[in-house]
Every structure is written in structure tokens, then in C-alpha cells.
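Participant: Here is a sequence together with a model predicted from it:
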Amino acid sequence: MAAVAGMWEDLVVRALSKVDKNDYMRFFPNICLPKPSPAEDPLADLETFDGPGPWDRTLLEVEVENPIDNARSKMLIFSGNDYLNLSSHPAVRKAAAKAALVYGMGPRASSMISGHTDYHRLLEDTLAEMTKKEACAITPTGFAANTAFLSALGSIATLTAAGKRPAKHERIAIFSDALNHASIIDGLRLVERHQEADVSVYRHNDMKHLDELLSNCTAEKKVVYTDSLFSMEGDFAPMLELVELRKKH
């Protein structure tokens, strides 16, 4: 056991040495959020978003502290998910504070176990009503949304299969852009592992390659899955060309 432990320790030390040598080591910067101005009531009686307010810059204009030397520098954040900075809106903060007083901090479990609260149901019902849909299911992140959707898509093949597992001709053929988001790739791996889909990857935004793959596919159920805006490259999917391919196939 000592020899095995020593082997792993040596591997870790060598790996960390290479990481340090190639400047791969990264530290999480500490985002130092500014405190609300004393003149601003943190729980102001605002129930809707009526336009920009003094809270809009709270999470956009920040100071960043280097964890090594504690030096601070100013930064504008354009890479966050809170594009409208609604997390700092007084109405949102007040609602979050109210929910914490009623339920405590967080649902304490996944929705499938015991984490689906009245607030989750209210949000789902409201979104379904707004979009005129029969029902709505919310997910904690966009990553989870993609993996959940692809899992549901793959389960169609299983639920409609003649046997316990879908045969080759019963599987769904999914065509994925080579630069799709990691959440899509993880979801595709999941349905492949369950033998519910056959996945083909076409070259990034290459509609000719996709057309060839679709033309050579004999599956009855075909799905093309793509980002609209590719997060790493910053370019867009050719949506009009994709629509034409959909009409063709």
C-alpha cells in the first residue's frame, strides 16, 4: 500500500510541476462587491423593472483582489450570466430575503428528492402561462437544461422501442456541431451510453458537411443540435441555411 501511495504521490508532484512550469496554474480572483450606498434603500418598494437604476452597476463595476499579493484593480465584467444585473434589483433582493425567512437558505435537495418548493412551482406555472404552454420545468443552470433535454430526447427512443433497448433502426440520429457547448456534449455522451441515439459531429458551421451526413443517414428520426451563438468562438450558427436543410431532409 505504501508503494502504491508513493507512486500516486510522485505522479501528482510531477503533474503539478508540469502545470507550474507551463504556467497553467490559475487562481480564482476575489470579486470585491461594493456595498449599497447609504442613500439607497436596499429593500426599496420596487416591484417591477422599469429601467436602469443605481443598483445596475453593482455587479458590473467591481474591484478584483489578487489572492497572492492582495493587490486590487478595477474591472468591468462582461462575461457573467446576469446580463441585466437583475440580481441586484431591489425587488429581487426583497423577494430573496422573504423566501429565506420563510424557507431558510436554499431548497436543500434536488427537485426530484425534496427541493421543489412553492416558489419553484409558482415560477413554472407563471412561465407556462406567459408562454401559453401546458406546463414548464425549470432547471438550476443552462448546463443542466441541455443535459436534461437531451436525456428526455433520448428516452423517446427507449419508450417507443419494441424491446427494453432501442434497436439500431429505432435510435435517434443526432447531428452536433463540432464546437457545441460542453453541456451539449455531455448530454450526447449520456444518450450514446444508453444506446438511445447515434451521434454524428459535423465540422463547425459547415453546412455542406452536415448535408452529406444527413443525406447518408437512413434513420427515421433525425435531430440537428447546435448553439446559436458559440461561446468560445463568438460566431453565430447559419440559422437560415439550417432551416433550408431541415426543409430538404
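Facilitator: Noted; the coordinates are in hand. Numbering: from 1, shown residues only.

Participant: Tell me if I am right that residue 227 is in a helix.
Facilitator: No - applying DSSP: H, G, I helix; E, B strand; the rest coil, one finds residue 227 to be coil, outside a helix.

Participant: Any idea how many residues pack against it?
Facilitator: As a burial measure, residue 227 scores 21 neighbours (other Cβ atoms under 10 Å). (C-beta placed from N, C-alpha, C; glycine too.)

Participant: Just confirm residue 232 contacts residue 179, I think it does.
Facilitator: Yes - the criterion here is Cβ atoms under 8 Å, and residue 232 meets it with residue 179 at 6.5 Å.

Participant: Comparing those two, which shows the higher neighbour count?
Facilitator: Neighbours were counted for residue 232 and for residue 179 using other Cβ under 10 Å; residue 179 has more, 18 against 9.

Participant: Next, the nearest residue to the more buried one once chain neighbours are set aside: phi, psi?
Facilitator: Distances taken as Cβ to Cβ, 6 or more residues apart in numbering place residue 204 nearest to residue 179, at 4.6 Å, with adjacent residues excluded. Backbone torsions of residue 204, given as degrees, to the nearest 10, read phi -50, psi 120.

Participant: likewise residue 75?
Facilitator: Dihedral angles (degrees, to the nearest 10) for residue 75: phi -150, psi 140.

Participant: Contacts only, for it.
Facilitator: By Cβ atoms under 8 Å, 6 or more residues apart in numbering, the contact list for residue 75 reads 61-64.

Participant: Mind telling me the two of these farthest from one another?
Facilitator: Of all pairs drawn from these, the greatest distance, 11.1 Å, lies between 61 and 64 (Cβ to Cβ).

Participant: Give me the common contacts of these two.
Facilitator: If you check residue 61 and residue 64 against Cβ under 8 Å, 6+ apart, the residues they both contact are 74-75.

Participant: For the contacts of residue 75, pick the one with the most neighbours.
Facilitator: Busiest of the contacts of residue 75 [other Cβ under 10 Å] is residue 62, holding 20 neighbours.

Participant: is it true that it lies in a strand?
Facilitator: Yes - the assignment for residue 62 by three-state DSSP puts it in a strand.
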